[in-house]
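>>> here's a sequence, model it:
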Amino acid sequence: MSTIDVETRRPDNRGRVPWNKGKLVGQKPPLKMKEVWRIRFWLQQTAETRDLALFDLAIDSKLRGCDLVHLKVDDVAVGGPVKPRAVVRQRKTGHPVQFELTEQTREAVAAWMQAGERRSGDYLFPNRRHSSKPLTTRQYARLVRVWLDAVGMDGTAYGTHSLRRTKPTLIYRRTGNLRAVQLLLGHTKLESTVRYLGVEVDDALAISEQTDL
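Purely as a prediction, here's the structure:
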């Protein structure tokens, strides 16, 4: 069967530039531990209080970008210091998911709440043009690109999902506990976690590397 030219079959699309032309598509890889520390160090040195809190919380919470930007002060702190654990309802699935905040993240979030004068009921990361609205996912993606470019990484090769995948990937590699990773990511099906981590391919290669003939 001969190859059919899509553009000739759909004349209305003629001349239209594909949305993914020149872009890397597909699942974005997680960050390596040294890359996490490189970005964190740069944010600390540049005194980007909000960005440091956003970055650390993205890594710890393992939330999708749409859930991360919609966090409110009350989600992480209620009438006192930042909580070591929090729970939010996922916008995509409607199911609650819990996450931990390490001491480092709690300090970064507390510093941002103080500097940004965040109060109960406020979005934790507000839109700078409209403080009553949250940071948009597009703005969040642009910030991630800035951080990556600043430390010499390819901003087109990674994305906001790279931050979401970073800690779960590390946890799986250290423990092999898929069920724990499933709970942390808020997946309803274990198969989703398997696909998300690319477990089948990684495990098959690891087994093959350990088998000598």
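
>>> which residues of this protein score low on pLDDT?
For the chain, the stretches with pLDDT under 70 are 1-26, 199-213.

>>> now the strands for the chain?
For the chain, applying DSSP state E gives strands covering 85-89, 96-100.

>>> name the residues of the longest helix along the chain that are buried.
Identified as the longest helix of the chain according to DSSP state H is helix 160-175. For helix 160-175, burial by neighbour count (16 or more other Cβ atoms under 10 Å) applies to 160-172. Heads up, the C-betas are built off the backbone N, CA and C, glycines and all.

>>> run through who's touching it.
Helix 160-175 has contacts (Cβ atoms under 8 Å, 6 or more residues apart in numbering) with 27-31, 33, 36, 55, 58-60, 62-65, 68, 137, 140-141, 144, 177-178, 180-181, 184-185, 196-197, 199.

>>> and for the nearest residue to residue 44 once chain neighbours are set aside, the neighbour number?
Excluding the flanking residues, the one nearest residue 44 by Cβ to Cβ, 6 or more residues apart in numbering is residue 52, at 6.3 Å. Neighbours of residue 52 under the rule other Cβ atoms under 10 Å: 24.

>>> quickly note the distance from residue 52 to residue 112.
7 Å (Cβ to Cβ, to the nearest Å).

>>> cool, and residue 156?
28 Å.

>>> residue 99 contacts residue 62, doesn't it?
Yes. Using Cβ atoms under 8 Å, residue 99 is in contact with residue 62, at 6.0 Å.
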